[in-house]
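> Next come a sequence and a model predicted from it.
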Amino acid sequence: MKEEEAALLNQVADLREAPVPVKSPASPNAIPLSHDSGGMFRALSHRNFRLFWAGAFLSNVGTWMQAVAQGWLVLKLTDSPFWLGVDGFMATAPGLLLTLAGGVFADLVDRRRLLLYTQIGAMLCAFVLALLLVMDVVQVWMILLISFGTGCCFALAGPSYQAITIDMVGRTDLTNAISLNSAQFQLSRLLGPVCAGLALAYLGLVGCFFLNGVSYFAVIASLMLVRFDGASHATTHAVTDRRALWLDLVNGFRYVLKRRRVSMLLLICFVTNLFGAPYLSLMPHFVRDILHMGEKGLALMMG
C-alpha cells in the first residue's frame, strides 16, 4: 500500500543520513551477486525475500479480487453509495490508530509471527464472508464488521511488513527491495480486478471471496518457509521493556516532526489518500448507476 511504500522510503532516507553505512548480513542462501550483476532484480537473490515477495504478490491479487466483489455486493444489498463510503471507512479507519501500535509491536514481538497471525486473521475474514454469502444470510452490517476486522489485520501488519524487508535483504539491497515491492503491488492491482472479472463470470461473488481466502495461503506459506540466521533474525532488535510502548510512540512523533522530508512525505500521502483514494470505494456506484455496466465493467474499471 502507499503507506507501506512511504514508510520504507523513510527508512532509506535515514540510511542515507547515517555517517557510516553499516552493511547488515544478507539472508541465508542468498545468491552471491555483485552490485551491478543483479540489476533491477538483485534483491530477489535473497531466498527469504524471494519467497515473501511471491507470496505477497499472490495474496495481493486475491485482495484486489475481493475489493471488486465486496463493493458490488454492498451496492447490491443497499442500492446506496453512502454505504459504499461507510464500508471504505470501516476498512481504513483502523489504520489511523493501529498502524502506530503496529510500529511498536514490530519491535516488541517476533515480526514474522505477527505477520502470520494477521494474515491468518484476514484469511478467516474472507472465508467468513464467503460462507455468509453461501448461506444467503449476509447483511450489510456483517460486511462492515468484516471490513473493520480485515483493516485491523492490515494496520497491525503494515510496519512489520516494512521492517522484515530489511531483515531479509539487508541495507545494501533495501532500495531495490522497495522497488520490487512497489512493482508487485501495482502488478497485483492490475491483475486482481481482471481475475475478479473472470471469477464473477464463472463463480460469482462467492468465488471472489473464496479465492481471496485461498490466496492468503501463499503469503502464510512463504512466512513459514523463511529462515533467519542469528544476526538478522526479526527479533534481534526487540525491545525488552514493554513499559516503553508509549515512550516509543512519542519518540516516533518527535522523529517525524524533526525531519522535514519525512513530514512532507507523510503529508503528501495523507492528502492523496484523503482526496484520491475514496473514488475506489464509490466505483461500483459510478459503474452501475452512471455508466450502466455490470460486474465485468466494474472489474475493467478497477483494473
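Arrived safely, thanks for sending. Residues are numbered from 1 along each chain as shown.
> Show me where the stretch 201-303 of the chain dips below the pLDDT cut-off.
The stretch 201-303 of the chain contains residues with pLDDT under 70 at 229-246, 248-249, 303.
> Let's see that with 90 instead.
By pLDDT under 90, the low-scoring segments of the stretch 201-303 of the chain are 201-202, 226-303.
> And the helices in it, which stretches?
For the stretch 201-303 of the chain, applying DSSP state H, counting those that start in this stretch gives helices covering 204-225, 245-258, 260-275, 278-285, 295-302.
> And those helices: which comes nearest Leu75?
The closest of these to Leu75 is helix 278-285. By Cβ to Cβ, the value is 4.4 Å. In short, each C-beta sits where N, CA and C put it, glycine included.
> Distance-wise, check Leu116 relative to Gly213.
Using Cβ to Cβ, to the nearest Å, Leu116 is found at 16 Å from Gly213.
> Of those two, which one has the most company?
Gly213 (21 against 17; other Cβ atoms under 10 Å).
> Show the contacting residues for that one.
Gly62, Met123, Leu124, Ala126, Phe127, Ala130 (Cβ atoms under 8 Å, 6 or more residues apart in numbering).
> among these, which two are most distant?
Gly62 and Leu124, at 13.6 Å, using Cβ to Cβ across these.
> higher neighbour count, these two?
Gly62 (28 against 16).
> Ser182 is in contact with Ala43, correct?
No: judged on Cβ atoms under 8 Å, Ala43 makes no contact with Ser182 at a distance of 11.8 Å.
> So for those two, which residue has more residues nearby?
Shown here are Ala43 and Ser182; by other Cβ under 10 Å, Ala43 has more neighbours (26 against 15).
> hmm, back to that, which single one of the contacts of Gly213 is nearest to Gly192?
For the contacts of Gly213, the residue nearest Gly192 by Cβ to Cβ is Gly62; the value is 7.2 Å.
> List of residues touching stretch 116-133?
Contacts of stretch 116-133 (Cβ under 8 Å, 6+ apart): 59, 62, 66, 70, 73, 138, 142-143, 146, 149-150, 152-154, 156-157, 205-206, 209-210, 212-213, 216-217, 219-220, 223-224.
> follow-up on the earlier one: to Val104, which of the helices of the stretch 201-303 of the chain lies closest?
Nearest of these (Cβ to Cβ): helix 245-258, 4.8 Å.
> Just the residues contacting that closest one, thanks.
With Cβ under 8 Å, 6+ apart, helix 245-258 has contacts from Leu100, Ala101, Gly103, Val104, Asp107, Leu108, Val239, Val262, Ser263, Leu266.
> Mind doing that once more with 7 Å?
For helix 245-258, the surrounding residues in contact (Cβ atoms under 7 Å, 6 or more residues apart in numbering) are Leu100, Gly103, Val104, Asp107, Val262, Ser263, Leu266.
> Filter these down to just the buried residues.
Leu100, Gly103, Val104, Asp107, Val262, Leu266 (16 or more other Cβ atoms under 10 Å).
> Quickly note the distance from the fifth one to Tyr255.
Spelled out, it's Val262. Distance from Val262 to Tyr255, by Cβ to Cβ: 7 Å.
> How about the third one?
When distances are taken as Cβ to Cβ, Val104 and Tyr255 turn out to be 13 Å apart.
> do the second one as well
According to Cβ to Cβ, Gly103 and Tyr255 sit 11 Å apart.
> same thing with the fourth one?
The span separating Asp107 from Tyr255 equals 13 Å under the rule Cβ to Cβ.
> same deal with the last one?
In this structure, Leu266 and Tyr255 are 11 Å apart, going by Cβ to Cβ.
> next one: the longest helix along the chain to chain centre, how far?
Secondary structure of the chain per DSSP state H: the longest helix is helix 47-78. Centroid separation between helix 47-78 and its chain, computed with Cα atoms, centre = their mean, to the nearest Å, is 9 Å.
> Begin at 5, not 1, for the rest of this chat.
I'll keep to 5 as the first residue from here, and by that count the last item is helix 51-82.
> what's the angle between it and helix 282-289?
50 degrees (axes from the mean of the first three to the mean of the last three Cα atoms, to 10 degrees).
> Quick check: buried residues in helix 51-82?
Judged by neighbour count using 16+ other Cβ under 10 Å, the buried positions of helix 51-82 are 51-79, 82.
> So which residues of the stretch 55-204 of the chain form helices?
Under DSSP H, counting those that start in this stretch, the stretch 55-204 of the chain gives helices at 85-96, 98-112, 115-138, 144-173, 178-206.
> so which of these gets nearest Leu286?
helix 85-96 (5.6 Å).
> Name the residues that touch the closest one?
75, 78-79, 144, 147-148, 151-152, 154-155, 282, 285-286, 288-289.
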